[in-house]
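J.: here is my input, please return the structure:
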Amino acid sequence: MISQVQAQAAIATAFLLLGGDNHVESFIPGAVITRTARITSSLSLREQPDNEAITETSPPLIPSDATEDELAWHANHDFTTAPDDASSTASATDDWIKQDFESQSSTSFPSANQEEVQQSQQLLANGPIRGPTNVIVYDTTLRDGTQMESISVSCADKLKIAQRLSEFNVDYIEAGWPGSNPKDEEFFRRAQTELDGKAKSKLVAFGSTRRKGIQAKDDAQIQKLVDCCAPTVCIVAKAHLWQVTDIIRANPTENLDMITDSVSYLTSLGIDVMVDLEHYFDGFKFDKDYTLKCCDAAVKAGAKVLVMCDTNGGSMPWEVDEITKETVEKFGNLATVGIHCHNDCGLAVANSLTGAKAGVGLIQGTVNGIGERTGNADLCSIVPSLALHVDSKMTCNDNLDEITSLSRYLDETLNRTPNRGAPFVGSSAFAHKGGLHVAALERSPDSYQHVDPSKVGNQLRVLISELSGRQNILGKMKKLDMDIDEKTVAERSLVILERVKHLESMGYTFEGADASVELMILHSTQNYCLPFRVLDYTAQVYDTDVDSASRVMSKMENDKSRNGGTVTKTNLARATVNVRVLDDPNHGEDEFLDRLEVAEGNGPVDALANALKKALVPSHPALESLQLIDYKVRILDPAAATAAATRVMIEFKDVNTDRQWTTVSVDRNIISASLNALVDGFEYALKDVVAGCFFDDFE
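T.: Now for the predicted structure:
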């Protein structure tokens with residue numbers, strides 16, 4: 001005879017396997033489907049002790065006034081194993097449900113998902129990991145990283161980033177705190193259907209130990225960790241005695257109980273548990289014995305990873321080394337020791353690497369080092385350093401050449417300006433300016449580079465400036481693969497270098513404007529001609545209201561209300577451009593023609609760009625994919641007021657190829673400076689189209 005509990009359990013399990021709501025408690029009064037069932041299709045049941053069917057003991061709370069003998073007794077007893085009769089009942093129930101389900105339905109979790117979950121859990125299944133030989137990469141970009149000022153990310157973008165992190169093959173992806181905000185709850189819900197199995201197996205839900213005065217099974221925040229379906233949970237616990245007594249105002253023994261109860265409860269449901277020991281290094285220096293008791297409580301309750309947190313970011317590398325070695329010596333054979341560093345002293349990467357050298361087997365960090373205050377440890381520095389300088393084994397080693405792409409993908413998704421000077425992944429990471437350096441690099445790339453940039457998906461760049469030597473120019477000319485003899489190259493490189501130095505004395509800067517330098521080199525050759533020439537132009541700016549800014553904003557709001565809540569684009573400038581264009585790239589009989597076009601825009605530069613593109617696209621359709629993605633203006637001599645020289649830099653992008661380039665121009669007329677930079681940008685986009693004609697064709 002099937003018991004009522006068994007029948008209700010079967011219904012609930014079927015509902016769960018068919019993709020129903022995770023909250024199945026309403027099907028079984030007093031019973032809960034285990035976490036293992038939700039993740040791996042194991043159909044064991046766990047029922048609360050007030051029912052007679054299946055029982056499972058949970059770790060009792062240790063009394064706050066317990067003696068040392070009582071504490072030792074608790075420490076030496078395993079409270080996570082159910083009584084024999086409960087185990088046999090659970091096994092019988094398992095068999096009944098499996099048999100009934102196989103006979104009535106073929107619907108189940110795909111075996112691939114189970115394998116992927118098992119694969120993620122195997123990282124820690126064979127015992128603790130110890131660095132620096134082996135290191136687990138734990139990414140917390142989507143949780144700790146999003147706490148950085150001015151960063152806000154939608155749930156949809158979090159899902160995209162999680163998938164990209166999975167493709168790079170980080171080991172764990174801490175995706176959020178489902179008990180703290182609706183967005184993270186939505187993420188874990190959508191992740192079940194919108195992420196692939198590999199990405200889901202890497203997800204970690206973040207939370208905290210239970211609150212004071214209640215059991216973990218009754219804590220709503222803990223239950224949300226259970227319900228979110230993440231195979232791994234990381235809970236934060238206080239490991240600093242002063243933080244315990246003065247900040248959360250808990251009894252020191254109660255804090256240990258909170259750790260024990262929370263970890264035991266989660267592990268009893270088949271969840272892998274990591275413990276972030278908050279303020280670990282500061283706590284260790286304040287009261288080492290208590291901090292180590294927190295570790296002991298977590299390990300004995302079943303935690304697989306102890307994460308030492310430099311929460312305030314004030315620890316020095318020698319302190320990290322000493323404390324890590326002692327922690328690894330005491331607990332390294334029982335659990336993997338991890339590290340989580342903040343960058344308040346600019347030492348997050350150094351402390352993380354120091355930790356790895358001292359035996360840390362798991363490193364937490366974020367892509368590009370984003371995080372609260374001054375940021376977290378930067379995985380874009382840590383991973384390449386471990387892979388290329390320490391020879392650490394990491395699962396993402398095979399994808400190391402994608403780390404620059406990952407860095408820029410995150411910045412693009414978060415709408416951040418990439419850090420040009422970021423180690424390994426920044427655009428300046430392998431940029432060389434001094435002539436002596438470039439000359440040495442010509443002989444051996446190792447002379448001024450610590451690694452081959454291609455190993456991290458980056459590239460060497462030779463910068464042109466007044467500090468450059470002839471080798472910088474020669475390097476650029478070789479890159480262009482120009483078919484001219486060495487003597488001519490040497491002569492022209494000197495001429496170009498002198499021109500660069502003269503222009504930079506006027507306010508130009510070519511370090512970030514490679515396109516302008518390449519055009520300067522091309523213009524020095526006799527077998528290159530301009531694809532077009534601007535013969536003349538005009539730009540007009542007009543408005544119907546020149547009132548103060550507040551009145552203009554008021555007018556925009558009125559326009560918005562009149563247009564159904566949408567602010568309409570108002571063109572405030574008009575430009576006319578007269579160009580002579582190379583109409584036939586095959587050099588037909590009448591290959592050049594003049595074209596006059598008019599366009600409007602939000603300002604004079606926008607109008608000029610629109611008019612220029614309108615004039616050139618009929619002859620060069622490839623320019624349809626050209627976009628202006630950045631426009632920067634700098635006043636070079638502010639003391640000259642409105643007569644000051646202005647430097648304009650414009651960044652372009654071909655949306656079809658994702659190729660980007662930057663041009664520069666300087667003039668006391670900001671419109672002229674802008675047009676010159678625009679012309680260079682359009683010409684650079686066409687440089688490969690027009691090879692083979694001569695300058696005198698225009699004469």
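J.: for residue 634, name its beta-bridge partners.
T.: Beta-bridge partners recorded for residue 634 (DSSP bridges): residue 647.
J.: wait, what's in contact with it?
T.: Neighbour list for residue 634: 646, 647, 649 [criterion: CB atoms under 8 Å, 6 or more residues apart in numbering]. Quick note: C-beta positions are derived from backbone N, CA and C, even for glycine.
J.: how many neighbouring residues does the first one have?
T.: Residue 646 sits with 20 neighbouring residues when counted by other CB atoms under 10 Å.
J.: can you read off the pLDDT for it?
T.: The model reports residue 646 with a pLDDT of 83.
J.: contacting residues around it?
T.: 633, 634, 635, 636, 666, 667, 668, 669, 670, 673.
J.: ok, these vs residue 395, which is closest?
T.: Checking the contacts of residue 646 against residue 395 with CB to CB, the nearest one is residue 634 at 44.9 Å.
J.: measure the closest one to residue 646 for me?
T.: Distance, residue 634 to residue 646, by CB to CB, to the nearest Å: 7 Å.
J.: same question, residue 626
T.: 24 Å.
J.: ok, now residue 575?
T.: 18 Å.
J.: surely residue 131 is in contact with residue 392?
T.: Yes - using CB atoms under 8 Å, residue 131 is in contact with residue 392, at 6.7 Å.
J.: what is in contact with the two at once?
T.: residue 356.
J.: who's more crowded, those two?
T.: residue 131 (29 against 22).
J.: so who does that one touch?
T.: Residue 131 touches 355, 356, 357, 358, 359, 360, 361, 363, 392, counting by CB under 8 Å, 6+ apart.
J.: enumerate every residue touching the residue nearest to it when sequence neighbours are not counted.
T.: Nearest non-adjacent residue to residue 131, counting by CB to CB, 6 or more residues apart in numbering: residue 356, 3.9 Å away. Applying CB under 8 Å, 6+ apart, we find residue 356 in contact with 131, 132, 135, 339, 363, 386, 390, 392.
J.: just those residues: which are in strands?
T.: Judged by DSSP state E, the contacts of residue 356 include 339, 363 as members of strands.
J.: want to try CSV for the contacts of residue 131, with distance to residue 148 as columns?
T.: Putting the contacts of residue 131 into CSV (distance: CB to CB, whole Å) gives the following:
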residue, distance to residue 148
355, 22
356, 24
357, 28
358, 28
359, 30
360, 24
361, 27
363, 19
392, 27
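J.: which pair in the residues you listed has the greatest spatial separation?
T.: Spatial extent of the contacts of residue 131 (CB to CB) is set by the pair 358 and 392 at 13.4 Å.
J.: what's the closest of the contacts of residue 131 to residue 335?
T.: Distances from residue 335 to the contacts of residue 131, taken by CB to CB, are shortest for residue 361, at 9.3 Å.
J.: now that closest one, nearest residue through space, not along the chain?
T.: Sequence neighbours aside, residue 129 is the residue nearest to residue 361 in space, at 3.3 Å (criterion: CB to CB, 6+ apart).
J.: quick one, what contacts residue 168?
T.: By CB under 8 Å, 6+ apart, the neighbours of residue 168 are 396, 399, 402, 403, 406.
J.: and of those residues, the nearest to residue 368?
T.: Once CB to CB is applied, the member of the contacts of residue 168 that ends up nearest residue 368 is residue 406, at 9.2 Å.
J.: show me the shaky parts of the protein.
T.: 1-122, 432-448, 461-517, 519-528, 544-571, 582-591, 640, 688-699 (pLDDT under 70).
J.: same thing but 80
T.: Within the chain, the ranges that satisfy pLDDT under 80 run 1-125, 428, 430-449, 459-530, 542-571, 582-592, 635-645, 687-699.
J.: pretty sure residue 394 contacts residue 133?
T.: No - the criterion here is CB under 8 Å, and residue 394 misses it with residue 133 at 10.5 Å.
J.: more neighbours: which of the two?
T.: Shown here are residue 394 and residue 133; by other CB under 10 Å, residue 394 has more neighbours (21 against 13).
J.: report the contact partners of the more buried one.
T.: 134, 135, 136, 137, 171, 383, 386, 387.
J.: quick one, what contacts the fifth one?
T.: Neighbour list for residue 171: 120, 123, 136, 137, 138, 202, 394, 395, 396 [criterion: CB under 8 Å, 6+ apart].
J.: grab the nearest non-local neighbour of it.
T.: Counting by CB to CB, 6+ apart, residue 171 lies nearest to residue 136, which is 4.7 Å off, once chain neighbours are set aside.
J.: mind checking how far that neighbour is from residue 356?
T.: In terms of CB to CB, residue 136 sits 10 Å off from residue 356.
J.: also residue 644?
T.: Plainly put, residue 644 is 52 Å away from residue 356 if you go by CB to CB.
J.: can you check residue 391 too?
T.: Residue 391 is 12 Å from residue 356, where distance means CB to CB.
J.: hmm, back to that, could you dump the contacts of residue 394 to a markdown table with distance to residue 530?
T.: Below are these laid out as a markdown table (distance: CB to CB, whole Å):
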| residue | distance to residue 530 |
| --- | --- |
| 134 | 58 |
| 135 | 55 |
| 136 | 56 |
| 137 | 51 |
| 171 | 54 |
| 383 | 46 |
| 386 | 50 |
| 387 | 47 |
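J.: just the ones in helices from those residues, please.
T.: When those are checked against helices (DSSP state H), the matches are residue 383.
J.: just the buried ones from the contacts of residue 394?
T.: Buried subset of the contacts of residue 394 (neighbour count, 16 or more other CB atoms under 10 Å): 134, 135, 136, 137, 171, 383, 386, 387.
J.: the last one against residue 399, yeah?
T.: No - shown here, residue 387 and residue 399 do not form a contact pair, counting by CB under 8 Å, at 10.2 Å.
J.: residue 151 - that's part of a helix, no?
T.: No - secondary structure of residue 151 (DSSP: H, G, I helix; E, B strand; the rest coil): coil, not part of a helix.
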